[in-house]
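**Student:** Next input, structure requested:
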Amino acid sequence: MRWALVKVCLAVTAMVVVAFAVPLGLVVQEMASDRAFSNAERQAATIGPTLSITTDPVQLRKAVESSQMGAARRMAVHVPAVGDGPRVDIGGGWAGERAVSETRRIGRAATAPVAGGGSALLQPIALGSGDIAVVEIYVPESEVSNGVATAWVILAGVGLALIVGSVAVADRLGARLVRPAERLADAAHRLGEGRLGARVPEEGPKELRSAAVAFNSMADQVMELLANERELAADLSHRLRTPLTVLRLNAASLGDGPAAEQTRAAVEQLEREVDKIIRTAREQRAPASAPGGGAGCDASEVIRDRMAFWSALAEDEGREVRLAGVDRTVRIPVARPELAAALDAMLGNVFRHTPEGTPFAVDVHDAGDAVIVLVSDAGPGIADPDAALRRGNDGGRDGSTGLGLDIVRRVAESTGGDVRLGRSVLGGTEVRVWIALDGGALDGRARGESARRSRRKRRGN
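**Tutor:** Prediction:
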């Protein structure tokens, strides 16, 4: 495309230069010829006063020799015979007797070519007797074409400069058009090869900028779709941990024997495969948009439903369970499946990382502008809460992928809230989830006031 634009510009400029330079050169040539013959006419007119006074050969010769053209031997005077007097011819002739006679007959100036090159101007002048004398001026070819060659060279130089300049400008414009198109094509190739980070600078002409914006938007949507697919794979795999926990606990109560050992081995193998799927999805996924609130749900109803499931396991393990704040409706801007997944992740961590018989509690507190969900236990606690909140882990902990708290964090942040880990009143770990009700992030002061009210309420209980 770049060379095509250069060729088009070259052809157009060349045609424009030819269309203007050639006529202009011809005009210059014509002007030079007119200038030479006009000068010859003026020189011929200088002898007119002498001819109107006398036709004496001696006087005419002196007048001719005293003129510029006569001194340069480029003037001749042809006087016809007047009365009984002889014909007078002063100076050499260049046009010939026939051309002189024809000029005398027609009575106006004429030009005639000279055999050796150049032209002769024949100027008729009326005498006092009524006869017509002819003054002949020789005009050499060099005078007729004086300055014409220089003008043609200048015109050629200007035309060449215009062509070179137009080609250079067309090349720059072509590069400005082609570079964004090449970057767009290269980014498309890289995206097709699987490099999802390929993007195009949004610059260049308006049309290419629009194409770059559309490409970047498409690439972002592709990344978002892939990220959502990987998030879904990781989250669904993580949600399998809940029934796996049940299977593992049930398998532990089967006692000894080949069948029990095979069951426990199969459950452990299944947990390892699920962990592998979760880690693979986490390593490959890109940051995706947080899950939206959807139509919302009743937090109390979802918590009661999930606690009914986990209470059976708690009873089998001899865990004391306390549930508070779920006796009234608490609406939150989180979809029911997302809240259920977050609760399962937190409760699953309690069963997975605390000994059997460890009590735990789930509290719900409505702080007006936010809802606080607390899951606390009396276990050994978390040595490094900040590390536990970081997305994922290095896979060094068997049976843990680090995505449980990540699911909880994304649910909270989708509403403008967040998640905090701390020491519970039971002595173990407390997971505190702030869910904002107005869609705006809670500031530190509001969180602190809500947390103090929640702690006072739980101490009172």
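**Student:** any idea how far the nearest residue to Pro205 once chain neighbours are set aside lies from Ala170?
**Tutor:** Once flanking residues are discounted, Pro205 sits nearest to Leu177: 6.2 Å by Cβ to Cβ, 6 or more residues apart in numbering. The C-beta positions use only the backbone N, C-alpha and C, and glycine is treated the same way. Applying Cβ to Cβ, to the nearest Å, the value for Leu177 to Ala170 is 10 Å.
**Student:** who's more crowded, these two?
**Tutor:** Per other Cβ atoms under 10 Å, whichever of Leu177 and Ala170 has more neighbours is Ala170, with 21 against 17.
**Student:** Could you tell me whether that one really is in a helix?
**Tutor:** Yes - assessed with DSSP: H, G, I helix; E, B strand; the rest coil, Ala170 lies in a helix.
**Student:** Relative to Lys206, how far out is it?
**Tutor:** Following Cβ to Cβ, the distance that separates Ala170 from Lys206 is 19 Å.
**Student:** quick revisit: and for Leu177 and Ala170, which residues touch both?
**Tutor:** Between them, Leu177 and Ala170 share these contacting residues under Cβ atoms under 8 Å, 6 or more residues apart in numbering: Leu5.
**Student:** helices and strands around the helix or strand containing Ser101, which ones?
**Tutor:** Here Ser101 is covered by helix 97-106, with elements defined by DSSP states H and E. In terms of contacts (3 or more Cβ pairs under 8 Å, 6 or more residues apart in numbering; DSSP states H and E), helix 97-106 is packed against strand 110-113, strand 119-126, strand 132-139.
**Student:** and Arg104, which of those strands is closest to it?
**Tutor:** Across these, Arg104 has its closest neighbour in strand 132-139 (4.9 Å, Cβ to Cβ).
**Student:** circling back: figure out how far the helix or strand hosting the residue nearest to Pro205 is from the centre of its chain.
**Tutor:** Assessed by DSSP H and E, Leu177 sits inside helix 148-192. Put simply, helix 148-192 sits 20 Å off its chain's centre (Cα atoms, centre = their mean, to the nearest Å).
**Student:** With stretch 183-200 instead?
**Tutor:** Worked out by Cα atoms, centre = their mean, stretch 183-200 lies 14 Å from the chain centre.
**Student:** Can you get me the start-to-end distance on that stretch?
**Tutor:** One end of stretch 183-200 sits 6 Å from the other (Cα to Cα, to the nearest Å).
**Student:** pLDDT averaged over that stretch, what's the number?
**Tutor:** Per-residue pLDDT over stretch 183-200 has a mean of 83.
**Student:** And it, what's buried?
**Tutor:** The neighbour-count check on stretch 183-200 (16 or more other Cβ atoms under 10 Å) flags Arg183, Leu184, Ala187, Leu191, Ala198, Val200 as buried.
**Student:** mind listing what Ala71 touches?
**Tutor:** Neighbour list for Ala71: Glu65 [criterion: Cβ under 8 Å, 6+ apart].
**Student:** which SS class is the residue located most distally from the centre of the chain?
**Tutor:** Distance from the C-alpha centroid of the chain peaks at Asp84, with 99.3 Å (Cα atoms, centre = their mean). Secondary structure assignment for Asp84 (three-state DSSP): coil.
**Student:** How about the one 5 residues further on?
**Tutor:** Applying three-state DSSP to Asp89 yields a three-state assignment of strand.
**Student:** Quick check: it touching His78?
**Tutor:** Yes - using Cβ atoms under 8 Å, Asp89 is in contact with His78, at 5.5 Å.
**Student:** ok, those two, which is more surrounded?
**Tutor:** Between Asp89 and His78, His78 has the larger neighbour count (other Cβ under 10 Å), namely 23 against 18.
**Student:** quick one on the thing from earlier: verify the stated contact: the residue nearest to Pro205 with Trp3.
**Tutor:** No - between Leu177 and Trp3 there is no contact under Cβ under 8 Å: 12.0 Å.
**Student:** Any regions of the stretch 151-300 of the chain where pLDDT drops low?
**Tutor:** In the predicted model, the stretch 151-300 of the chain carries pLDDT under 70 at residues 230-242, 275-295.
**Student:** which residues of it fall in helices?
**Tutor:** 206-239, 241-252, 258-284, 299-317 (DSSP state H, counting those that start in this stretch).
**Student:** Tabulate those (a markdown table), appending distance to Asp386 and mean neighbour count.
**Tutor:** Supplementary listing: these in a markdown table, determined by distance: least, Cβ to Cβ, whole Å; neighbours: other Cβ atoms under 10 Å:
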| stretch | distance to Asp386 | mean neighbour count |
| --- | --- | --- |
| helix 206-239 | 21 | 16 |
| helix 241-252 | 23 | 18 |
| helix 258-284 | 19 | 15 |
| helix 299-317 | 27 | 16 |
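**Student:** Tell me which of those helices lies nearest to Val22.
**Tutor:** Closest approach to Val22 among those is made by helix 206-239 (38.3 Å; Cβ to Cβ).
**Student:** Now do the closest one against helix 148-192: the angle between them, please.
**Tutor:** Angle of helix 206-239 versus helix 148-192, following axes from the mean of the first three to the mean of the last three Cα atoms, to 10 degrees, is 10 degrees.
**Student:** Show me what helix 206-239 is packed up against.
**Tutor:** Packed against helix 206-239 by the contact rule (3+ Cβ pairs under 8 Å, 6+ apart) you find helix 148-192, helix 258-284, helix 336-353, helix 403-413.
**Student:** Adding distance to Asp369, write those helices out as JSON lines.
**Tutor:** What follows is the helices and strands packed on helix 206-239, written out as JSON lines (distance: least, Cβ to Cβ, whole Å):
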{"stretch": "helix 148-192", "distance to Asp369": "43"}
{"stretch": "helix 258-284", "distance to Asp369": "33"}
{"stretch": "helix 336-353", "distance to Asp369": "18"}
{"stretch": "helix 403-413", "distance to Asp369": "14"}
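**Student:** could you measure the residue lying closest to Ala388 once chain neighbours are set aside against Leu347, distance?
**Tutor:** Among residues not flanking Ala388 along the chain, Ile382 sits closest, at 5.2 Å (Cβ to Cβ, 6+ apart). According to Cβ to Cβ, Ile382 and Leu347 sit 16 Å apart.
**Student:** ditto for Glu317
**Tutor:** For Glu317 relative to Leu347 (Cβ to Cβ), the value is 12 Å.
**Student:** try Trp152
**Tutor:** Distance from Trp152 to Leu347, counting by Cβ to Cβ: 97 Å.
**Student:** between the two, which one's more packed in?
**Tutor:** Relative neighbour count places Leu347 above the other of Trp152 and Leu347, with 26 against 17, counting by other Cβ under 10 Å.
**Student:** just checking, the more buried one touches Trp310?
**Tutor:** Yes - counting by Cβ under 8 Å, Trp310 is a contact partner of Leu347 at 5.0 Å.
**Student:** distance between the ends of stretch 43-52?
**Tutor:** End-to-end distance of stretch 43-52 (Cα to Cα): 16 Å.
**Student:** For Ala45, grab the count of nearby residues.
**Tutor:** Residues lying near Ala45 (other Cβ under 10 Å) number 12.
**Student:** okay, it: pLDDT?
**Tutor:** You'll see Ala45 listed with a pLDDT of 88.
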